[in-house]
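Asker: model this:
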Amino acid sequence: MSTDYDVVVVGGGMVGAALALTLAQADFRVQVIDSEPMMNDATLNLRVSAISYSSVALLRCLGAWQRIGEHFCAPYRRLETWEWPSSVVAFDAASLNLSELGFMVENWRLQQALWQALTDCDALELCCPVSLSAMIYCRDRWQLTLNSGHTIESRLVVGADGTHSWVREHVGIAVSGWQYRQSCLLLDVEVENSQQDVTWQEFHPSGPRAFLPLYDQRASLVWYDSIARIRQLETLSLPALEREVQTAFPSRLGQFTLHSTASFPLTRRHVREYIKPGLALIGDAAHTINPLAGQGVNLGFRDVQALAEVLIDARDCCEPWYTLAVLKRYQRRRYGDNFLMQAVMDAFYIAFSNDLPPLILVRNLGLMLMQRTGRVKKRVLRYALGL
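Answerer: You can find the predicted model right below:
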C-alpha cells in the first residue's frame with residue numbers, strides 16, 4: 001500500500017465510490033477508506049433509490065451502471081402525486097422528449113456495482129475494513145493514521161462517511177438539523193397489477209404513501225406516518241400488516257403479497273460549511289433531506305460531479321487544486337442548490353402535514369394549478385432530474 005495520495009475518500013458508499021472512480025479516471029492518485037467490509041449483511045437492506053436521468057449518465061461513465069444488470073434497473077416514465085383524486089399532478093418523460101425519467105434500483109445492487117468498479121480500477125486503492133483514528137493538517141497535507149497503525153498522507157481528504165461523519169466531527173464542522181415527526185416504513189411487495197413504469201405518491205396529513213416499481217412485478221411501498229404509528233405497524237404479523245396496507249393505500253395498488261419490512265427515521269441536516277483547507281464534505285456527510293421526492297442520493301451525485309469538475313479544471317489550469325480558494329468554488333456551486341432542495345421538501349412536509357380545512361383546500365388548488373401550467377411543470381421536472 002502506498003503512503004502518499006492526491007485524494008483520500010473516507011467512505012465507500014454510493015456517493016464516495018462515485019467520486020473516487022471519477023477522480024481516478026482523471027489520473028488522480030486516490031485511496032478509498034471504508035470501515036465496513038465489502039457487501040456485508042448490513043448492506044442487504046430494503047432501501048430503494050430513484051436514480052435520476054443525470055445520475056444514470058454519471059454512473060454509465062464510471063462503468064458502474066452496466067454492472068447492475070438491465071433486468072434489475074426498473075425504468076419509470078411517469079410520476080403522479082395527489083391528495084384529492086381531482087388534484088393529480090403527473091410528470092411524464094415524453095414531455096421532455098426522454099425515454100424515461102429515471103430508474104428505480106435497490107441500493108444494495110447499486111452499491112455492489114460501484115464496489116465492483118472500485119475493485120477493478122487499477123488507478124485507485126481500496127482499503128477496507130479500516131477506519132481513521134487520527135488526522136492532522138500540516139504544510140498543505142493531511143497526515144492520516146489508520147486504526148491498523150499505518151500512516152498515509154494526502155493533499156485532499158473527502159468526507160463521504162455518511163450522516164454521522166467522523167471526518168466532519170473531527171475537523172469541527174458544525175451541523176444543524178432536526179428529526180421530523182414522522183418515520184418511514186418500507187414494504188417489499190409483489191404486485192399483481194402491471195404498473196411497473198409508473199411511480200406514484202398519495203398525500204395524507206399523517207404522511208404520504210408511495211409506490212416505487214421494481215422488476216418482476218416487485219415493488220417497494222413507502223409509508224410515512226407518525227413515529228408511534230410506524231412502531232405499532234412494525235409489531236404486526238405480515239398478514240395483519242397486509243390488511244393495514246390494503247386499507248391505507250389507494251385501490252390502484254391492487255392485490256399484492258408482502259414479503260418483508262424495514263423502517264428508518266426521517267432527519268434533516270445541513271453543515272455550516274462544506275470545506276476546510278484540504279478537505280471537502282459530500283453527500284450525507286454534508287446534508288440529509290426528507291426523502292419525500294427521492295432526491296437524497298441524486299444530490300450526492302451532483303456533489304460528486306461538481307467537486308470533480310472543480311478539482312480537474314483547477315489542476316488542468318496548473319492551480320493548487322487542493323487549496324481553500326479552489327474548494328470554495330465547489331461550495332458555491334452546491335451549497336445553495338442543496339439548501340433550496342431541502343427548503344422545498346420542508347415546505348411540502350409542512351404544507352401536507354396539516355389537516356386544517358383551509359390549508360387542505362389551498363394545497364389541492366395549488367396541485368391543480370401546477371397540473372395546468374405546462375411550462376412550470378417542465379421547469380420543476382428538469383430541475384428535479386438535474387437537467
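
Asker: for this protein, which spans come out with low pLDDT?
Answerer: For the chain, the stretches flagged by pLDDT under 70 are 1-2, 39-44, 194-195, 293-294, 387.

Asker: Can you tell me which residue is spatially central in it?
Answerer: The chain has V297 as the residue nearest its centroid, 1.6 Å off, counting by C-alpha atoms, centre = their mean.

Asker: From E125, how far out is it?
Answerer: Distance, V297 to E125, by C-beta to C-beta, to the nearest Å: 24 Å. Heads up, the C-betas are built off the backbone N, CA and C, glycines and all.

Asker: show me what contacts G12?
Answerer: By C-beta atoms under 8 Å, 6 or more residues apart in numbering, G12 lies in contact with A20, V32, I33, D34, E36, M38, W115, L118, L126, C128, A160.

Asker: Chain neighbours aside, what residue packs nearest to Q66?
Answerer: Distance criterion C-beta to C-beta, 6 or more residues apart in numbering; nearest residue to Q66, sequence neighbours excluded, is R60 at 7.0 Å.

Asker: And for the residue nearest to the centre of the chain, nearest residue in space, chain neighbours not counted?
Answerer: Spatial nearest neighbour of V297, chain neighbours left out: S49 (4.9 Å); criterion: C-beta to C-beta, 6+ apart.

Asker: so that neighbour touches L110, yeah?
Answerer: Yes - in this structure S49 lies within contact range of L110 using C-beta atoms under 8 Å: 6.9 Å.

Asker: ok, E234 touching T261?
Answerer: Yes - the criterion here is C-beta under 8 Å, and E234 meets it with T261 at 6.8 Å.

Asker: Make sure the residue nearest to Q66 is indeed in a helix.
Answerer: Yes - secondary structure of R60 (DSSP: H, G, I helix; E, B strand; the rest coil): part of a helix.

Asker: ok, and what's touching stretch 82-94?
Answerer: 77-81, 99-101, 201-204, 352, 360, 363-365, 367-368, 370-371, 377, 380-381.

Asker: Buried among those? Make that a PyMOL selection.
Answerer: A single PyMOL command selects the buried members of the contacts of stretch 82-94 (16 or more other C-beta atoms under 10 Å):
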select buried, resi 77+78+79+80+81+100+101+201+202+203+352+360+363+364+367+368+370+371+377+381
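
Asker: Among the contacts of stretch 82-94, which ones are in helices?
Answerer: F352, I360, R363, N364, L365, L367, M368, M370, Q371, K377, V380, L381 (DSSP state H).

Asker: In contact with the residue nearest to V297: list those residues for me.
Answerer: Counting by C-beta under 8 Å, 6+ apart, S49 touches M14, M104, V105, N107, L110, G294, G296, V297, N298.

Asker: right, and out of these, which lies closest to T3?
Answerer: When the contacts of S49 are compared for distance to T3 (C-beta to C-beta), M14 wins out at 27.6 Å.

Asker: what's the spacing between the closest one and R109?
Answerer: For M14, the distance to R109 (C-beta to C-beta) stands at 11 Å.

Asker: neighbour-wise, which of the two wins?
Answerer: A side-by-side neighbour count of M14 and R109, using other C-beta atoms under 10 Å, places M14 first with 26 against 17.

Asker: thinking that one is in contact with A113, fair?
Answerer: No - taking contacts as C-beta under 8 Å, M14 lies outside contact range of A113: 9.4 Å.

Asker: Quick check: the gap between A123 and H164.
Answerer: 30 Å.

Asker: Show me where the chain has its helices.
Answerer: Listed in chain order, the helices of the chain (DSSP H) span 14-25, 53-61, 65-68, 107-120, 166-170, 227-234, 238-248, 296-316, 324-352, 357-372, 374-385.

Asker: and the longest one, what other elements does it pack with?
Answerer: Put plainly, it is helix 324-352. Contact analysis of helix 324-352 by 3 or more C-beta pairs under 8 Å, 6 or more residues apart in numbering; DSSP states H and E lists strand 256-271, strand 275-276, strand 279-281, helix 296-316, helix 357-372 as its packing neighbours.

Asker: same check, this time on the fifth one
Answerer: Taking 3+ C-beta pairs under 8 Å, 6+ apart as the contact definition, the neighbouring helices and strands of helix 166-170 are strand 132-138, strand 151-159, strand 279-281.

Asker: Deepest-packed of the ones you listed, please.
Answerer: Compared across those, strand 279-281 shows the largest average neighbour count, a mean of 27 (mean count of other C-beta atoms under 10 Å).

Asker: Buried residues, stretch 87-98. List them.
Answerer: Across stretch 87-98, burial judged by 16+ other C-beta under 10 Å covers S87, V89, F91, A93.

Asker: sorry, back to before: the residue nearest to Q66 is in contact with I68, isn't it?
Answerer: No - the pair R60 / I68 is not scored as a contact, 10.7 Å apart, by C-beta under 8 Å.

Asker: the more surrounded of these two?
Answerer: Neighbour tally, R60 and I68, criterion other C-beta under 10 Å: the higher count belongs to I68, 20 against 11.

Asker: The more buried one reaches N107, doesn't it?
Answerer: No - between I68 and N107 there is no contact under C-beta under 8 Å: 11.2 Å.

Asker: hmm, back to that, dump the ones in helices among the contacts of stretch 82-94 into CSV; add distance to N45 as well.
Answerer: Listed next are the ones in helices among the contacts of stretch 82-94 as CSV, based on distance: C-beta to C-beta, whole Å:
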residue, distance to N45
F352, 27
I360, 35
R363, 33
N364, 35
L365, 39
L367, 32
M368, 37
M370, 33
Q371, 35
K377, 33
V380, 30
L381, 29
